[in-house]
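Visitor: pasted the sequence and its predicted model underneath.
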Amino acid sequence: MKKMLPPKGPGDNGLSLLPYEAVKWELIKAALELGVFNQFDEPLTAGTLAERLGTQPENTEFMLNSLTAMGCLKKCKGVFEMTPMARAYLDPASEQCIGPMLLFMERWTKPMMNGGMINLICDGPPPAANAGREEIWEQGARVSINNARAGRAQIIAGHVSALAEFSSFSNMLDLGGGPGMIAVAVLASHPSLKCTIMEQPAVCREAEELIAEYGMESRIKTLSGDYMEDPMGEGFDFIMANYTLNFYRDRMDELMAKIYKALNPGGVLLVTSDGLNEEKTAPAQSVITWLSTALLGMDMSFDRGFLADAMIKAGFISTQSSMVADLTIAAHGPMDVIVARKGRN
């Protein structure tokens, strides 16, 4: 009997493209490290760029052609120029340039590359490293500023200003508030609200520079410390914590009780975070984003509903959750926005 062809298979869900995804990142990384995006004050040919950078002309053009295919450049009659997207996010002169952040984020995926992942799966995580070194906090804060300016700050500020109580807020606390860009965005929507940003000392130094840049010194102050271990104060109408509570996932009941105590009666807590569901298999992008740190022995992901449960346990009378597409860092997956309210009694 002659062998018969099987029926046509289902779609491969992008499997055949995966070997080339790494090529896309290496292309962007090479362009960032070579300073390609620094050069486009005016349209350029590949030859002119190669002469400026000291690179090989033919391969420089291959690189530029591929950057064009990725939407970073436009090409017309052999001349290249940057697209509006690249001008916003990859030009070092832009206040929304995320190039340094992309390079910083690679430190978490690099141990997975070139066989590293299979070693971690077979052998388990290496000895715990100190992920809380001052220079890492400081660098992370610095590179996150432009990303927040690119949209995350505005998105979160929009959720805060939409709260029914927003106009009545007078004093807020931003836990793990990073360099302060989100706090600046929130206060820009309110005429008199004052804010305390609680952060690591190195990050507070970055925040103080940004606060001064936006002329908010009279309304925003910093408080150096670890919000789990050190006093965070009290008498706040509003507390927010954006992508930071993961560090204390295993002490969440203790932390949430501390936050509850710091709020005035009738106060509001807003938390933004990841939120995994379907037995930690979705949303897909969130699962993949957490894989690197999980394999390194630092799984800090939340199951969806975990934070809301901790809020109710601490005494909050209600919680409300919504999933929002975080288009400014698509790699992190959807953003879980959780609002909890403290009773007035």
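Guide: Nice, I can see it.
Visitor: ok, now how distant is residue 124 from residue 295?
Guide: Remark: distance between residue 124 and residue 295 (CB to CB, to the nearest Å) = 9 Å. The C-beta positions use only the backbone N, C-alpha and C, and glycine is treated the same way.
Visitor: equivalent analysis for residue 213, please.
Guide: Taking CB to CB, one finds residue 213 at 38 Å from residue 295.
Visitor: kindly report the same for residue 23.
Guide: 23 Å.
Visitor: so those two - more neighbours on which side?
Guide: residue 295 (19 against 9; other CB atoms under 10 Å).
Visitor: hang on, that one packs against residue 118?
Guide: No: with contact defined as CB atoms under 8 Å, residue 295 does not reach residue 118; the gap is 10.3 Å.
Visitor: list the contacts for the residue nearest to residue 318 when sequence neighbours are not counted?
Guide: Excluding its sequence neighbours, the residue lying closest to residue 318 (CB to CB, 6 or more residues apart in numbering) is residue 341, at 5.1 Å. Residues near residue 341 by CB atoms under 8 Å, 6 or more residues apart in numbering: 266, 267, 268, 269, 316, 317, 318, 319.
Visitor: dump the residues you listed to a markdown table, plus secondary structure, neighbour count and distance to residue 51.
Guide: Formatted as a markdown table, those follow (DSSP: H, G, I helix; E, B strand; the rest coil; neighbours: other CB atoms under 10 Å; distance: CB to CB, whole Å):
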| residue | secondary structure | neighbour count | distance to residue 51 |
| --- | --- | --- | --- |
| 266 | strand | 14 | 66 |
| 267 | strand | 25 | 61 |
| 268 | strand | 24 | 58 |
| 269 | strand | 26 | 57 |
| 316 | coil | 22 | 63 |
| 317 | coil | 13 | 67 |
| 318 | strand | 12 | 64 |
| 319 | strand | 18 | 60 |
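Visitor: looking at the residues you listed, which is nearest residue 12?
Guide: Set against residue 12, the nearest of the contacts of residue 341 by CB to CB is residue 319 (40.3 Å).
Visitor: chain neighbours aside, what residue packs nearest to the closest one?
Guide: Closest to residue 319 by CB to CB, 6+ apart is residue 308, at 4.2 Å.
Visitor: and that neighbour, how many residues sit next to it?
Guide: The burial count for residue 308: 20, using other CB under 10 Å.
Visitor: need the pLDDT of it.
Guide: The model reports residue 308 with a pLDDT of 98.
Visitor: please, which helix or strand holds it?
Guide: helix 306-314 (DSSP states H and E).
Visitor: that helix: how far from the chain's middle?
Guide: Relative to its chain's centre, helix 306-314 lies at 23 Å (CA atoms, centre = their mean, to the nearest Å).
Visitor: in that helix, which residues are buried?
Guide: Within helix 306-314, the residues scored as buried using 16 or more other CB atoms under 10 Å are 306, 307, 308, 310, 311, 314.
Visitor: do stretch 14-30 as well
Guide: 27, 28.
Visitor: low-confidence ranges, the stretch 101-250 of the chain, go.
Guide: 129-133 (pLDDT under 70).
Visitor: 50 instead, please
Guide: By pLDDT under 50, the stretch 101-250 of the chain has no low-scoring segment.
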